[in-house]
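Enquirer: Below is the sequence, then the predicted model.
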Amino acid sequence: MVKSTSSTGGSSSKLASPTPEDEEKLREAAKAEITYPDKMDHKEIVLRSSSESATGQERKDEWAFNFDRVFEPNSTQSEVFEEISQLAQSCTDGYNVCVFAYGQTGSGKSFTMEGGSTESNAGMIPRAVEQVFRVSDELKSKGWIYKMEGQFLEIYNETINDLLGKGEFDKKKHEIKHDKSGRTTVTDVNIIPLTSANQVRSLLALAQSRRTVASTLMNERSSRSHSVFTLRILGENAMTGESCEGSLNLVDLAGSERLEKSGAGNDKDRLKETQSINKSLSALGDVIAALGEKGEGKGDKHIPYRNSKLTYLLQNSLSGNSKTLMVLNLSPLAYHLNESLCSLRFATKVNNTTIGTAKKQIKNPS
Ligand SMILES: Nc1ncnc2c1ncn2[C@@H]1O[C@H](COP(=O)(O)OP(=O)(O)OP(=O)(O)O)[C@@H](O)[C@H]1O
């Protein structure tokens with residue numbers, strides 16, 4: 001009773017009509033209607049929205065998409081990693097592998113790639129490195145000895161920065177070089193020899209601290225830049241004389257939201273950032289589309305790798321010779337529905353692309 005009296009007492013202020021700001025907040029926080037009808041194979045996602053038409057009639061829309069695997073919001077990092085682990089470990093066989101996280105700002109790309117601080121929420125980068133170390137250890141019994149090294153770069157406004165460097169960002173000019181053997185190098189960046197999987201956690205922490213320092217000048221730097229973690233692996237087999245070289249690139253792309261929503265139109269720096277992001281994400285889409293046409297046998301199709309730093313850097317890991325996977329992160333909010341639909345359509349295009357059969361880079365003894 002006391003409870004009821006006191007709540008009635010306070011009710012006049014509680015029942016006051018919500019301000020337009022409150023309504024806007026409520027609208028922004030409302031969950032979108034997203035369902036996952038395929039309970040067996042987890043391949044389908046359906047988005048629904050209802051709105052009122054100009055004539056006051058209720059309008060319902062529904063969009064269904066199919067992918068290789070759809071993860072529900074309560075999926076764990078370990079379930080997501082299970083899906084990519086085979087692909088990730090194939091760099092030990094001499095493949096060039098690329099995993100992208102795509103989606104709008106705040107949708108969980110960095111959480112997916114880098115993860116949190118506990119064992120259970122570790123992201124794809126630490127898990128992949130651990131897996132590669134485990135597999136290479138197992139292959140010792142077959143004569144394989146591996147050397148591994150890592151680099152971690154950021155591409156911000158079409159400039160490459162070394163996330164594992166010591167000096168200030170943007171001071172050194174880093175250039176991308178591809179050699180005839182299919183190896184990609186970036187001038188003047190720190191390449192760290194990796195001797196244990198645990199080392200990667202401190203590299204991620206170093207990268208994070210460098211980005212945080214840089215972001216005192218530029219807001220939300222991580223959302224406005226691409227980060228590319230590269231694990232290069234070189235193997236030699238003393239029993240057979242074979243050698244192999246593979247790479248694993250784990251890419252956290254910049255937020256994919258369009259210009260109006262990012263508010264970039266009002267600010268010169270943000271406009272420049274958004275234009276760079278749009279340019280490189282559309283260059284990535286163009287490269288994938290051109291690879292698809294080539295995969296369909298349309299002759300010597302030109303692949304426009306040089307149209308952005310991102311695609312040029314990943315040239316050797318984005319070709320018919322490499323294995324590529326894209327993880328799409330989606331916001332659960334109704335407010336982001338249009339952005340989510342754009343992302344899902346982009347991912348569908350990527351998913352429908354066949355880029356040919358990947359080849360290992362193994363050298364036999366001559
Ligand atoms: N599956 C999840 N479980 C728990 N927390 C999560 C999950 N996904 C994302 N988060 C949290 O949500 C917030 C936004 O995620 P995150 O930074 O990964 O998004 P993002 O897409 O990388 O954004 P940005 O483009 O700004 O870098 C973070 O605080 C992150 O820890």
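Expert: Looks like it came in fine.

Enquirer: Quick check: next helix or strand after the host helix or strand of Arg127?
Expert: Using DSSP states H and E, Arg127 falls within helix 124-138. Once helix 124-138 ends, the next helix or strand along the chain (criterion: DSSP H and E) is strand 144-156.

Enquirer: Helix 124-138 and that following strand, what's the angle between them?
Expert: Angle, strand 144-156 to helix 124-138, by axes from the mean of the first three to the mean of the last three Cα atoms, to 10 degrees: 170 degrees.

Enquirer: List the buried residues of strand 144-156.
Expert: By 16 or more other Cβ atoms under 10 Å, the buried positions in strand 144-156 come out as Trp144, Tyr146, Met148, Glu149, Gly150, Gln151, Phe152, Leu153, Glu154, Ile155, Tyr156. For glycine as for every other residue, the C-beta is placed from the backbone atoms N, C-alpha and C.

Enquirer: Same question for stretch 230-245.
Expert: Those would be Thr230, Leu231, Arg232, Ile233, Leu234, Gly235, Glu236, Asn237, Glu242, Ser243, Cys244, Glu245, for stretch 230-245 by 16+ other Cβ under 10 Å.

Enquirer: Let me see the residues that make contact with it.
Expert: 91-94, 128-129, 132, 136, 139, 142-153, 181, 183, 191, 194, 246-250, 360-365 (Cβ atoms under 8 Å, 6 or more residues apart in numbering).

Enquirer: Which among those residues count as buried?
Expert: Buried among the contacts of stretch 230-245 (16+ other Cβ under 10 Å): 91-94, 128-129, 132, 136, 139, 144, 146, 148-153, 194, 246-250, 361-362.

Enquirer: what residues does the stretch 251-366 of the chain put near the ligand?
Expert: Gly255, Asn329 (Cβ under 6 Å from any ligand atom).

Enquirer: Any regions of the stretch 251-366 of the chain where pLDDT drops low?
Expert: 258-266, 295-300, 320, 355-366 (pLDDT under 70).

Enquirer: in it, which spans are helices?
Expert: 259-262, 268-295, 309-313, 337-351 (DSSP state H, counting those that start in this stretch).

Enquirer: centre of the chain versus the third one, how much separation?
Expert: Going back to what we said before, that points to helix 309-313. Centroid separation for helix 309-313 versus its chain: 15 Å, with Cα atoms, centre = their mean, to the nearest Å.

Enquirer: Show me what that helix is packed against.
Expert: Counting contacts by 3 or more Cβ pairs under 8 Å, 6 or more residues apart in numbering; DSSP states H and E, helix 309-313 packs against strand 144-156, strand 159-162, strand 176-178, strand 226-237, helix 268-295.

Enquirer: Mind listing residues that contact it?
Expert: With contact meaning Cβ under 8 Å, 6+ apart, helix 309-313 is reached by 153, 155, 158-160, 176, 184, 186, 226, 228, 251, 253, 280, 283-284, 287, 304-306, 318.

Enquirer: who does the most centrally placed residue in the chain bridge with?
Expert: The centroid of the chain falls nearest to Ala101 when counting by Cα atoms, centre = their mean (1.6 Å). Beta bridges link Ala101 to Asp252, Val327, judged by DSSP bridges.

Enquirer: which residues does it contact?
Expert: Lys109, Ser110, Thr112, Met113, Met124, Val251, Asp252, Leu253, Met326, Val327, Asn329.

Enquirer: what about 7 Å?
Expert: Lys109, Thr112, Met113, Val251, Asp252, Leu253, Val327, Asn329 (Cβ atoms under 7 Å, 6 or more residues apart in numbering).

Enquirer: Ok, Thr92 next?
Expert: Here Thr92 is in contact with Val132, Val135, Ser136, Leu139, Tyr146, Ile233, Gly235, Gly246 (Cβ under 7 Å, 6+ apart).

Enquirer: which residue does the stretch 201-350 of the chain bring closest to the ligand?
Expert: Taking Cβ to the nearest ligand atom, the ligand has its nearest neighbour within the stretch 201-350 of the chain at Ser223, 2.9 Å off.

Enquirer: wouldn't that residue be in contact with Ser107 here?
Expert: No. Counting by Cβ atoms under 7 Å, Ser223 does not reach Ser107; the two are 10.1 Å apart.

Enquirer: Of these two, which one has the most company?
Expert: For the pair Ser223 and Ser107, the greater number of neighbours falls to Ser107 (24 against 19), based on other Cβ atoms under 10 Å.

Enquirer: How about that one: what's its closest non-neighbour residue?
Expert: Residue nearest to Ser107 in three dimensions, not counting chain neighbours: Asn329, with 3.9 Å by Cβ to Cβ, 6 or more residues apart in numbering.
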